[in-house]
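J.: Provide a 3D model corresponding to the input given below.
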Amino acid sequence: MAGLRIGVEHLFLGLLHLEDTPASRLLQERGITLPSARERLLAASRRQGLERRKEAKPALEEFSQDFTALASEGLFDPLIGRESELERIIQILARRHKNNPILLGEPGVGKTALVEGLAQRIVSGDVPAALKDKRILSLDLSLVLAGTKYRGQFEERLKAILKEAYEDRTVILFVDEIHTLVGAGSAEGSLDAASILKPALSRGQVQCIGTSTFRDFKRHIEKDRGLVRRFQPVKVLPPSEEETVKILEGTRRRYEEYHQVRYTDEAIRRAVLLSNRYITDRFLPDKALDVIDEAGAKARILGHRAPEPSDERPGSERWVPERRGGAAAREEEVPTPP
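T.: Numbering: from 1, shown residues only. Have a look, this model is predicted:
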């Protein structure tokens, strides 16, 4: 009974079914009989069903984002360094069994950037033949969960996604923070996302790339022996200061074009050095990128103002990069570390 729906059309047919009522007599006087009304309502229902099916999107298209399409449009920053980690990911994906890499590292070290870099490599053709035609689709788990009020709706959506991924052998699913799959969508009498995913991974029906932190991996995934066996871990450690400088130099142009400023080599070096020294609760390269982004935003806002004379003593402010597009970048000068 839970699946039955009573609508206005059913009430209308009920009125016609009661022959000795004023409403039914009035309708019959106008030539509306029970058989004709039933036939018209069924025809209308069939037309609506066809229209809904035409409008319905494939599950993969509705709940994921195509990283390879975004890479082909040049929307990702270039991947600088990380060659060993990227080669390891490619090697795992090329395996016959247990070919699902999971990237483990602290927030901000560049796990998602590695997957974006892989998408760029696929687009450029710089991958083995087994990965030439692959597409990386980033699954939005929160979108899959949205609106699933009744038991079984989440399972139905996820199974549809896995079915489409199996039928389209070019798909590699990417699940950021994959530990959130454990327990996701579970309700009384239903399976969680991880339990639905495990059989598909074990049979090799789909390939998946996941990311997680060491802590969340140990807390959620490592306890599930059936799930952890499906993945091959790839450790992504924070880059050194010198490696981070190279990363910022490689992405500098994107930030300069966006903020209409120029970053000097010294500003890049200081962003890495000082963020690593004073921002202790986050990791490179994310915190250094945030520093140059914040500096560029401030410089663009203040760029219309003339720089004030500065005594350039330690702790004072000075204008460092050259003007470009009417804006200048500013940095807070601090004593050079020994």
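J.: Any buried residues in stretch 235-244, and which?
T.: 236, 238-239, 241, 243-244 (16 or more other Cβ atoms under 10 Å). The way it works is simple: take the backbone N, C-alpha and C, and place the C-beta from them, glycine included.
J.: Using the three-state scheme, assign the spatially most central residue of the chain.
T.: The centroid of the chain falls nearest to residue 138 when counting by Cα atoms, centre = their mean (4.9 Å). Classification of residue 138 using DSSP: H, G, I helix; E, B strand; the rest coil returns strand.
J.: ok, it touching residue 67?
T.: Yes: Residue 138 is in contact with residue 67 according to Cβ atoms under 8 Å; the separation is 5.6 Å.
J.: Common neighbours of the two, please.
T.: Residues touching both residue 138 and residue 67 by Cβ atoms under 8 Å, 6 or more residues apart in numbering: 115, 174.
J.: Tell me the predicted confidence for the residue nearest to the centre of the chain.
T.: Per-residue pLDDT puts residue 138 at 96.
J.: what about it, distance to residue 121?
T.: 16 Å (Cβ to Cβ, to the nearest Å).
J.: where does the stretch 51-200 of the chain have low pLDDT?
T.: Applying pLDDT under 70 to the stretch 51-200 of the chain picks out residues 51-57, 150-151, 183-191.
J.: Strands of that one, residue ranges please.
T.: 64-66, 101-104, 135-139, 171-175 (DSSP state E, counting those that start in this stretch).
J.: nearest to residue 270, of the ones you listed?
T.: strand 101-104 (29.5 Å; Cβ to Cβ).
J.: re the thing from before, which of the strands of the stretch 51-200 of the chain sits closest to residue 299?
T.: For residue 299, the closest of those is strand 64-66, at 31.6 Å, according to Cβ to Cβ.
J.: who does that closest one pair up with?
T.: strand 135-139 (antiparallel) (DSSP bridges).
J.: what's the distance between the partner strand and the middle of its chain?
T.: Centroid separation between strand 135-139 and its chain, computed with Cα atoms, centre = their mean, to the nearest Å, is 8 Å.
J.: Can you add distance to residue 279 and give the strands of the stretch 51-200 of the chain back as CSV?
T.: Output for those, formatted as CSV (distance: least, Cβ to Cβ, whole Å):
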stretch, distance to residue 279
strand 64-66, 29
strand 101-104, 22
strand 135-139, 28
strand 171-175, 28
